[in-house]
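1. Provided below are the primary sequence and the corresponding predicted coordinates.
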Amino acid sequence: MKYIKWLLVIFAVFMSSCSIMQMKTAEEKEIPSLLGLGTKIQITPNEVWRSKQEDFHIKITLGRGGLKAGESIGIVNGSFIDRWKLSYGSHWWGQEKPWQGDDEQKPNYVQASCSRKGVKIDLKVGEEGPNKPFVNTPGHFVRSLRERMRFVLELSSESDLQEGDVINIRWERVQAPDYAMRYFFLPFRFERLPALDRYLPIRRGEFYSLPSIKVKGHSAAYLHVTCQPLQGIDEKFSLNIAAVDKFGNPAEDFSGTVKLSVDGKGNIPKTVKFSGDERGHKRIEGLSMAEAGWYRIKAEGEGVTGISNYLVISKVKPAERLYFGDMHVHILDCDGTNDIREHFFYGPNIAGLDFGAVSPHAEYFGCKQAWERYLKETSKANEPGRFVAFYGYEWAQEGHTNAYFLNEGEAELLYGEKRMRARGGIEDNAPFRIGADNELEFMDKLEELKKTRPLFTIAHIHSAYRDLRDSVHWLDEIYSQHKISRQKREERLRKNLARGLRLGVVAGSDMHRLTMGHLCKNPGDVWYFGDRGGVDRTGGLQATFAEALTRKDLYRGMEERHTYGTTGARIVLLFSCNNSMMGSQVKMAEGVKPKFHIEVGGTADLSEVLICCFDGEKWSEPMKASFKEQATDRYECCWEDAKFKQSGIYYVRVTQADGEQGWSSPIWVN
Ligand SMILES: [Zn+2]
Ligand SMILES: [Zn+2]
């Protein structure tokens, strides 16, 4: 009996260690189009912690035909298409080091051997070429691989290798990057490289057919606490808590008890437990407050703290709620980083966003399959009431402008045709997309489509603004990660408002290297962009007022220009004129002056709140509040424009002491 008991214990221990081992074993991948039938590749470990040094083992088991003498296999590791190279360094922007040092003791050392006795594997690394050696031709990436640019790791042998032979590559003392994401590897046989980029798995959305290494964030630095700001007394709301490391990555190992507190009466749990299995985030439902007022909820864990954005509790249930989102991010499919799934994980769960869109450059969708995967993944991410995802992309030709759709079946891909007309290359006119060579054509086509479906555009800083029409074009992105002065950005908005366009104001991230709503401050310091300077600030946020968290309601909110933008902080900004909120057009009776009401709840102390006004001739700042005497994150005021004549366009700018800013949509008065 005793022995049986012991045997059972041993068996149980054996089984549990097996399941752990199974979890850690990387999957073997077969990519017949690139490696040939039966050839398999595996990278171990396939999950590592950020900043930790690791030894990796890449195992290639040869399939049918083996590998003939003189033939070779290449491997690159990916961020965006112009940067795939064999090195994690593709995310240490501008600081890449090639693989394969001569010194075995040095980091990044690579060696290769073969399971067949006496066979030597030759290993070399291609020279790093320029970022975009062949511009945007439909075969530019494939060509750069073929020409051994970008540190392509190349493996070959002087002997014929046979089916079943294993090539073992040891990549040793590699420091995992600080940026936690999934790093995909692209292995290929040089002779199997296709003619056009769009036949590569990474152009077809087949990222998960490739081996990858997932880097995980750890060691929480603070708690990012968010909630939807506008609620009524006793109304239930939820609170999102994310434990974040110093780079803005989710601290996936976070565990322990987090204490919650608020200065006011309500139903807020005193503690929340993190077991360590939540990937660093948790959403707590069913909270409520018993009295009207402005509140912030504090969260305190072991060695980490956080405080929520302002929560505004009103006596009457608010007709419109306030939601935060990011409508402008780029992905691995084009010239951004991260697979779309990573964005839709990070946006809602870590950044605490309510809505968002992944908006790749349209011309990078080189095949129908990639576009369809994009649409499917966006549909999957859409969960009304929890997180709303829009379909969209960036059209680029004469300036850059983003177009958005509400329904999967109605999204049409318009791309800047001229950009993809290959210089001396093959034409690439896939029938699933529509070319538009200039802004006028782009707008005309969208206006035509709008007759049968809802759609709209958001102009970002590179928009030409020549032929944008406010029937389709509703919103101006006043801020994104591009390093452009506030004056310049605001001047552009003012010029277009003065022209008579009815533009709402938003902000977005335009992230090319981080995920949607990423919390990393100054990513340029961590992931230096080397040859592409001026892109190193964190992203902006779009605030939208809407009745409910659905596509339709947010769409209506954006159409009404009930929006504002911030540099990333969840500033609560309420701005109205005679009870009509930002974005409204207000009619005044003869001789009556407009009265404005502003309320602000910052995420830090405020340094300035002002109203900007266009009186039909010039812009001025007739109302300005500064906070030198008393530090506060709250502001409220009523202001009447005594100088009002016939018409005016008014918007608010908020500046915090920590540099964060926010801009309201205008109110048009006449
Ligand atoms: Zn752009
Ligand atoms: Zn963009």
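-> The structure has been received and is ready for your questions. These figures come from a predicted structure and were not determined experimentally. Ligands and ions are numbered 1, 2, ... in the order given.

2. partners of the helix or strand hosting residue 459, with directions?
-> Assigned by DSSP states H and E, residue 459 falls within strand 455-463. Looking at strand 455-463 with DSSP bridges, its partner strands are strand 399-405 (antiparallel), strand 473-479 (parallel).

3. would you mind finding the most buried of those?
-> Stretch with highest mean neighbour count among the strands paired with strand 455-463: strand 473-479 (a mean of 27; mean count of other CB atoms under 10 Å). Every C-beta, even on glycine, is put in place using the N, C-alpha and C of the backbone.

4. does it come close to ligand 2?
-> No: counting by CB under 5 Å from the ion, ligand 2 is not contacted by strand 473-479; separation bottoms out at 9.1 Å.

5. tally of neighbours for residue 178?
-> 19 (other CB atoms under 10 Å).

6. what distance do you get for it to ligand 1?
-> 26 Å (CB to the ion, to the nearest Å).

7. that residue and residue 50 touch, don't they?
-> Yes: contact criterion CB atoms under 8 Å: residue 178 and residue 50 qualify, at 5.4 Å.

8. need the residues touching each of these two.
-> Common neighbours of residue 178 and residue 50 are listed as 247, 249 (criterion: CB atoms under 8 Å, 6 or more residues apart in numbering).

9. near ligand 2, which residues of the stretch 251-400 of the chain?
-> residue 394.

10. return the residues in contact with the one residue in the stretch 251-400 of the chain that gets nearest to ligand 1.
-> Proximity of the stretch 251-400 of the chain to ligand 1 (CB to the ion) peaks at residue 400, 3.5 Å away. Residues in contact with residue 400 (CB under 8 Å, 6+ apart) are 394, 460, 462, 463.

11. residues in this protein within reach of ligand 2, list them.
-> With CB under 5 Å from the ion as the criterion, the chain meets ligand 2 at residues 394, 510.

12. returning to that earlier point: what's the closest non-adjacent residue to the residue of the stretch 251-400 of the chain closest to ligand 1?
-> residue 462 (3.9 Å; CB to CB, 6 or more residues apart in numbering).

13. who touches residue 378 in this structure?
-> Contacts for residue 378 (CB under 8 Å, 6+ apart) come out as 340, 344, 357, 358, 389, 390, 391, 408.

14. and the helix or strand where it lies, what's buried?
-> Assigned by DSSP H and E, residue 378 belongs to helix 368-381. Of all the residues in helix 368-381, those buried under the rule 16 or more other CB atoms under 10 Å are 370, 371, 373, 374, 375, 377, 378, 381.

15. do stretch 139-148 as well
-> For stretch 139-148, the buried set under the neighbour-count rule, 16+ other CB under 10 Å, comprises 139, 140, 141, 142, 143, 144, 145, 148.

16. ok, now stretch 271-280?
-> In stretch 271-280, counting by 16+ other CB under 10 Å, buried: 272, 274, 278, 279, 280.

17. tell me the mean pLDDT for that stretch?
-> Across stretch 271-280, pLDDT averages out at 95.

18. quick check on residue 598: phi, psi?
-> Residue 598 adopts backbone torsions of phi -120, psi 130, taken as degrees, to the nearest 10.

19. that one and residue 634 touch, don't they?
-> No: using CB under 8 Å, residue 598 is not in contact with residue 634, being 11.3 Å away.

20. comparing those two, which shows the higher neighbour count?
-> Taking other CB under 10 Å, residue 598 and residue 634 do not tie; residue 598 has more neighbours (22 against 14).

21. report pLDDT for the more buried one.
-> Looking at residue 598, its pLDDT reads 98.

22. okay, and for the protein, where does confidence drop off?
-> Applying pLDDT under 70 to the chain flags residues 1-25, 79-102, 131-132, 136, 418-429, 525-536.

23. how about a cut-off of 80?
-> Scanning the chain for pLDDT under 80 picks out 1-26, 78-108, 127-138, 150, 334-335, 366, 417-431, 513, 522-538.

24. and the residue nearest to residue 400, how many neighbours?
-> Using other CB under 10 Å, residue 462 is surrounded by 16 other residues.

25. now the helices for the stretch 101-250 of the chain?
-> Using DSSP state H, counting those that start in this stretch, the helices of the stretch 101-250 of the chain run over residues 140-146.

26. ligand 1 contacts on the chain?
-> 400, 462.

27. tell me which residue is most central in the chain.
-> Centroid check for the chain by CA atoms, centre = their mean gives residue 516 as the closest residue, at 2.3 Å.

28. contacting residues for that one?
-> Residues near residue 516 by CB under 8 Å, 6+ apart: 326, 329, 343, 344, 346, 347, 351, 353, 356, 358, 509.

29. just these: which are in helices?
-> Secondary structure from DSSP state H places 343, 344, 346, 347 of the contacts of residue 516 in helices.

30. in those residues, find the pair that's most separated.
-> 344 and 346 (7.7 Å; CB to CB).

31. the two: which has the busier surroundings?
-> Just comparing residue 344 and residue 346: by other CB under 10 Å the higher neighbour count belongs to residue 346, 27 against 24.

32. which of the three states applies to the nearest residue to the more buried one once chain neighbours are set aside?
-> Once flanking residues are discounted, residue 346 sits nearest to residue 515: 3.8 Å by CB to CB, 6+ apart. Assigned with DSSP: H, G, I helix; E, B strand; the rest coil, residue 515 falls in the coil class.

33. what's the burial count for the residue in the stretch 351-500 of the chain positioned nearest to ligand 2?
-> Per CB to the ion, residue 394 is where the stretch 351-500 of the chain lies closest to ligand 2, at 4.7 Å. Counted by other CB under 10 Å, the residues lying close to residue 394 total 24.

34. again, but for residue 519
-> Count around residue 519 with other CB under 10 Å applied: 23.

35. try the one 4 residues further on
-> Residues contacting residue 523 under the criterion other CB under 10 Å number 25.

36. how near is it to ligand 2?
-> Per CB to the ion, residue 523 is found 15 Å from ligand 2.

37. what sits against the residue nearest to that residue when sequence neighbours are not counted?
-> Using CB to CB, 6+ apart and skipping the chain neighbours, the partner closest in space to residue 523 is residue 514 (5.7 Å). By CB under 8 Å, 6+ apart, residue 514 lies in contact with 179, 248, 337, 338, 520, 523, 538, 539.

38. for residue 385, which non-adjacent residue is spatially closest?
-> Nearest to residue 385 is residue 549, by CB to CB, 6+ apart, at 5.3 Å.

39. hang on, isn't that neighbour packed against residue 325?
-> No: in this structure residue 549 lies outside contact range of residue 325 using CB under 8 Å: 10.0 Å.

40. need the overlap of contacts for these two.
-> Common neighbours of residue 549 and residue 325 (criterion: CB under 8 Å, 6+ apart): 354, 355, 388.

41. surely the first one touches residue 230?
-> Put plainly, it is residue 354. No: taking contacts as CB under 8 Å, residue 354 lies outside contact range of residue 230: 11.8 Å.

42. which of these two has more neighbours?
-> Using other CB under 10 Å, the more surrounded residue of residue 354 and residue 230 is residue 354, with 25 against 22.

43. residues contacting the closest residue to ligand 2 within the stretch 501-650 of the chain?
-> Ligand 2 sits closest to residue 510 of the stretch 501-650 of the chain, with a gap of 4.3 Å, by CB to the ion. Residue 510 is in contact with 328, 329, 330, 460, 461, 477, 480, 481, 482, 539, counting by CB under 8 Å, 6+ apart.

44. 7 Å instead, please
-> Contact analysis of residue 510 by CB atoms under 7 Å, 6 or more residues apart in numbering lists 328, 460, 480, 481, 482, 539.

45. do the same with residue 65
-> Per CB under 7 Å, 6+ apart, neighbours of residue 65: 36, 163.
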